Every structure is written in C-alpha cells, then in structure tokens.
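Asks: Show me how the following folds:
(2 chains)
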Amino acid sequence: MKVTIRDLGKVYSSRGGGDVVALHGVNADFVSGEFVTLVGPSGCGKSTLLDIVAGLIPETSGSVEFGNGRTRSTGSTTVGLVFQKPVLLPWRTAVENVYLPAQLGNEPPGKTGGPQLRERANELLELVGLGHFGEKYPWELSGGMQQRVSIARALLLDAEVMCMDEPFAALDEFTREQMHVELLRVWERQGFTGIFVTHNIFESAFLSDRVLVMTPRPGRVVAEVGIDLPRPRHKDMIGTAGFTENVRRIRDVMSEHWTG
Amino acid sequence: MTTELQLESLQEAGPATGRQRFAPIAKTVVLQLTALAVFLGVWEVLTATGIIPSYLLPRASEVLAALGRDVLDILTGGPMWTHFYTTLIEILLGFFFSVVIGVAVGAILSEFKTIQRATYPYIVAANATPRIAFAPLIVIWFGFDFASKIVMAVAVAVFPVIVNTMAGLAATDRDDLRLMRSLGATRSQLLWRVRIPTALPYLFAGFETAMLFSAVGAVIGEFMAGNAGLGYVTLLAQELFRLDDAFSAIVLLSVQGFLLHRLVVVARRRLVFWQAESGSPR
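Replies: Residues are numbered from 1 along each chain as shown, chains lettered A, B, ... in the order given. Modelled structure (predicted):
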C-alpha cells in the first residue's frame, strides 16, 4: 500500500511557552511494496514521523494518506508497528503475544484466541524462524528472538505498511546482521511497504530501496538517496565496493546538509 | 522479605543437580537446628540456675513440655484445638475481607482521579493512625464475639492492600501503553490484558503483608474481649502466671502466621510465575 505524506508538521508546545518544532514541511511518498529507510541523527524527528504514520500521535499540520483513502491508521489493520524494544507481555507465551493484536479493538476478531488464531500465529513464528518456540515465554528467549516475535506480532493482521522504529538498535552486531537478512526475506514474502527508522547508515544502505535523509531543528527530509544494490541482498554484499559507494553517498548527503 | 529473598538466592545459587543441591541445604538445616539448640540450651541454663528467676521466664524445658501438651491437644481435638481453630478462622476472614475491600477501594481510587484527590489525604491519615487505638470502640460497635476480631483484623490489614493495588495499577510500562494504543485497544482491554497482570506482583506483595497484619489484628481483638483463641489463651496464662502456657500459645501463633504467609507466597509463585524469571517487577 502506498503512503503519501504532504507538508507534515508537528509542534510540541511545552509548558514554559517555548514550542518545539519536531517536524516541519515533510513531504514523502512511499510506493506500494518498497522498503524505505528514514535516517538521521538523534532529534531529527524520524521517530515522531513514524509515530504519526502509525497513528500513535496526531500531526499538527499537513496530512498522511494511505492507498486505501484513509488518513489515519486505526488499529493495526493498516499499519504494523515494531518498536525499538520487543515490548512482549511476560505473562504470555510467544504465540500468545503474536495473536494479541487480534484480541484488541472495538470488534476484536479473535477475542478468545481460538485454534485458528493460534495456528496463524504459529505460521508467523515459523516465518520469522521461531517455529519451535511458540510455547516459550519471552524471558526464555534471547533479545534477537524476542524482536522476531514482535515482528511476527506486527504481521498478524496482514498490515500493508510496516513501521519499524530502530528495531535492531539494542542487538549485538552479529545478531543485527542476521536480523537484516531475515527481515528482508519476510518483507519479500509478505510484500508490505516497509518504513524503517535508524541512525545507522550501514543498516539503511543494506535494507533499503531508498534512503530519506533527515536533519534536525526543525526535523525535515532534506534529501533522498537511491540504493542501487541488487535484490535479494546477502551478507557478503557488506564491504563490497558497491555497498561502500552507497554508504558514502548517504554520508555525503548528510554532511552536506547537517553539521552536528 | 529481603531476608527471605537472600536466603532463596543463596539456596538457588548452587548447581541444580540433586546431590550437589541437597548437600548445602542439609548443611543449612543442621546449622539452623544447632542455633536453636544453643539458644534453648542457654535459656535452660540461665533459668535452671536461677540467674533469671522463674517468675520472669519459665524454663525452656517447661515451655517445650507445654507445647507438646498443646500440640497433642490440638491433634486430638481438645480445648486447644478450639482456640487454634478460632484464631485461624479470624485471621483468614480478616485477610479475606481486607483483600476484597482493599482491592475494591484501591481500584476505585486509581480509576476515579476525582475521588482519589478528594479522599487520599484522609486515607493516608487513617493509615498513619495506630488502628489499635480503635480497639475499645470496635468492641462497643461489634460486640465481644467473632465480629469484632475480624473488624480489628481488617482495620489493620486493609491498608497495605489499598496502597499496593494503587501502586500496581499505576505501574504499567510506558512501552506497553504505546503498544496497546497502536493496536487500538479499548480501555477495558488495556485494563484486563495489561494493567491487571502488571499489578499482580504488587497485589501479592500487599496480600503477604495483609496476612501477617490480619494475625496481629485478630490477636489484638482477642486481647480486648472474648473467651477463645490463642491470643486469649496467652492473656489467660499471663493472668494465672502460667508463663510456659503463654509461651506455648505464642509459638503456636508464630507457626500459624508462618504457614498462612507461606500459603500466600506459594499462590504468588503460581499466579505471578513470570516475576522471578523476567527479572523485572512486572
């Protein structure tokens, strides 16, 4: 599903009276099924932008429009959300965490978590490589596995747009690289529109079709860098001349627009 | 609580294989029994030699003999059984009503902020008041029998439940809230699926305290009036200068309190199974 962002602005008014402009005049188009990364330094509003697209917070001005004509994501039927932390409920097993979204909302489709729901959740766990871990509790899983569970959860209601807010930032280097490959595999199978926030330039180059570079004060999209690496992407692409060249281009654009 | 946690972590520190695990526990038990024997021995020597006169402290052997008689009496359904049973029921009912009232009041206060703002200072003040001061009034209001003991127990035990219920319902993680909001959860879904499970560890901490406090309240109630219960037995023994019987009744109260508290701990471990493992208070 395509997503169109027009002239989006977000202002946080603080009690002291000084308003903070988190986003100003952001324009962006996401083509159906592409994978786009929002990259930028801390405070550039990339997470705010993601929260608005996911319907967690309202915009101050401008609009977000989805391909189905809706302007606001309600529930996770349109937009799936993956946080930096896995945010799994410790009293639920992995599979129970995955089917949680179906038990929420005004008319929850799977209030009690019937056998079909469980089966669907298990399929998704299979998809993210956790086929045998459905009955484990979150604390029995490693950080990477927990994040896989949260990805499976975001996939449950067949969201056509997947918003990911630095989902691998807390993982170690090796696990993160592994997760990149896995995420792309899932994305290629499911065909959702991926919007991925990170401050890691390597990560943005490896994952994306396009990289939107953001800068702070006020937060805005200043440039777009197309990534010309073939798909499917492999781990051994990292370090090749082509990969390095893409990373350098993102870097150049960043330093052109922003001096920290 | 802290001591108990330390003890558990000490015991669980060793490897989980049967023999190796067993050895340090057996050692600990031997150590603890030795400490008890030394304590009783010193007590016996001090009282038998008259260093501590017998009208102040009975001999340890006399207390043990009295305890033996009482336990036998309890097991055979004698008068001590009635006393033991009476106090047990008082504590359990006091605990039960403390839980029901405490959770209800705590939940109402945390859900309706206006009520909370209007009443919270008075609740804090009531909590700061020594509830024992109400004991004579409670006897006037609720009589000499069962009811006044249970009211006394509730008066002492209800506050930790109220306070912990409020703390628990306020403890929901910010990220959990974000997740639930992003999934379009309704207010009641948030309550049942996240806030109540999050509150459970807090609730059980309140229940543990409530069980111990309920025992305190029940015994105070028995001191004030009535003719049954282990507290009453202690008081009667004191009046008759049967200090060995008084000690025996106190030991029985102690065992009773320990076992009842244990019951709550076991229930917590079953129901809040994720608490120890996830390493966080949620």
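
Asks: Identify the residues contacting the residue nearest the centre of chain B.
Replies: Nearest to the mean C-alpha position of chain B, counting by C-alpha atoms, centre = their mean, stands residue B:212 at 1.8 Å. Applying C-beta atoms under 8 Å, 6 or more residues apart in numbering or on different chains, we find residue B:212 in contact with B:257, B:261. Every C-beta, even on glycine, is put in place using the N, C-alpha and C of the backbone.

Asks: Pull out the buried residues from stretch A:127-140.
Replies: A:127, A:128, A:129, A:130, A:133, A:134, A:136, A:137, A:138 (16 or more other C-beta atoms under 10 Å in any protein chain shown).

Asks: what secondary structure does the fourth one sit in?
Replies: Going back to what we said before, that points to residue A:130. coil (DSSP: H, G, I helix; E, B strand; the rest coil).

Asks: Tell me, what's the model's pLDDT at it?
Replies: Looking at residue A:130, its pLDDT stands at 92.

Asks: hang on, isn't it packed against residue A:94?
Replies: Yes. At 6.5 Å, residue A:130 counts as touching residue A:94 under the criterion of C-beta atoms under 8 Å.

Asks: anything in contact with each of those two?
Replies: A:141, A:149.

Asks: Assumed residue A:63 was part of a strand.
Replies: Yes. Counting by three-state DSSP, one finds residue A:63 located in a strand.

Asks: Would you quantify the distance from whichever residue of the stretch 151-282 of chain B sits closest to chain A to residue B:54?
Replies: Of all residues in the stretch 151-282 of chain B, residue B:184 sits closest to chain A, at 3.3 Å by C-beta to the nearest C-beta. Distance, residue B:184 to residue B:54, by C-beta to C-beta, to the nearest Å: 75 Å.

Asks: Pull the number of nearby residues for residue B:255.
Replies: Residue B:255 is flanked by 13 other residues according to other C-beta atoms under 10 Å in any protein chain shown.

Asks: Then the one 5 residues further on?
Replies: Counted with other C-beta under 10 Å, the burial measure for residue B:260 works out to 18 neighbours.

Asks: That one is in what secondary structure piece?
Replies: helix B:243-271 (DSSP states H and E).

Asks: ok, the spatially most central residue of chain A - contacts?
Replies: Nearest to the geometric centre of chain A sits residue A:164, at 1.4 Å (C-alpha atoms, centre = their mean). The contact partners of residue A:164, taken as C-beta under 8 Å, 6+ apart, are A:50, A:81, A:82, A:194, A:195, A:196, A:197.

Asks: How about the secondary structure of it?
Replies: Per three-state DSSP, residue A:164 ends up strand.

Asks: Leaving out sequence neighbours, find the closest residue to residue B:271.
Replies: residue B:200 (6.5 Å; C-beta to C-beta, 6 or more residues apart in numbering or on different chains).

Asks: In contact with that neighbour, which residues?
Replies: B:168, B:271, B:272.

Asks: Quick one: neighbours of the last one, just the number.
Replies: Put plainly, it is residue B:272. 19.

Asks: Tell me the spacing between it and residue A:201.
Replies: Taking C-beta to C-beta, one finds residue B:272 at 44 Å from residue A:201.

Asks: again with the first one
Replies: For residue B:168, the distance to residue A:201 equals 43 Å [C-beta to C-beta].

Asks: Which one's more surrounded, these two?
Replies: The residue with more neighbours, out of residue B:168 and residue A:201, is residue B:168; 27 against 21, by other C-beta under 10 Å.

Asks: Please, which helix or strand holds the more buried one?
Replies: helix B:146-169.

Asks: Just the buried residues of that helix, please?
Replies: B:146, B:148-169.

Asks: can you check stretch B:230-245 too?
Replies: B:230, B:231, B:232, B:233, B:234, B:235, B:237, B:242, B:243, B:244, B:245.

Asks: And for stretch B:48-65?
Replies: So, applying 16+ other C-beta under 10 Å, buried residues of stretch B:48-65: B:57, B:58, B:59, B:60, B:62, B:63, B:64.

Asks: Contact partners for the third one?
Replies: Spelled out, it's residue B:59. Contact analysis of residue B:59 by C-beta under 8 Å, 6+ apart lists B:43, B:44, B:47, B:48, B:244.

Asks: Could you find which two of the residues you listed are furthest from each other?
Replies: B:48 and B:244 (13.7 Å; C-beta to C-beta).

Asks: quick one on the thing from earlier: please, which helix or strand holds the residue nearest to residue B:271?
Replies: helix B:196-224.

Asks: angle of whichever helix or strand comes after that helix against helix B:196-224?
Replies: Once the chain leaves helix B:196-224, the next helix or strand it forms, by DSSP H and E, is helix B:230-239. Using axes from the mean of the first three to the mean of the last three C-alpha atoms, to 10 degrees, the inter-axis angle of helix B:230-239 relative to helix B:196-224 is 30 degrees.

Asks: So which elements touch helix B:230-239?
Replies: helix B:79-111, helix B:196-224, helix B:243-271 (3 or more C-beta pairs under 8 Å, 6 or more residues apart in numbering or on different chains; DSSP states H and E).

Asks: Name the residues that touch it?
Replies: B:80, B:83-84, B:86-87, B:218-223, B:226, B:243-246, B:249-250, B:252-253, B:256.

Asks: What of stretch A:116-123?
Replies: Counting by C-beta under 8 Å, 6+ apart, A:95, A:96, A:98, A:99, A:102, A:110, A:131, A:134, A:152, A:156 sit against stretch A:116-123.

Asks: Return the distance of residue B:223 relative to residue A:50.
Replies: 64 Å.

Asks: okay, the two: which has more neighbours?
Replies: Per other C-beta under 10 Å, whichever of residue B:223 and residue A:50 has more neighbours is residue A:50, with 23 against 17.

Asks: In contact with the more buried one, which residues?
Replies: So residue A:50 contacts A:38, A:163, A:164, A:165, A:195, A:197 (C-beta under 8 Å, 6+ apart).
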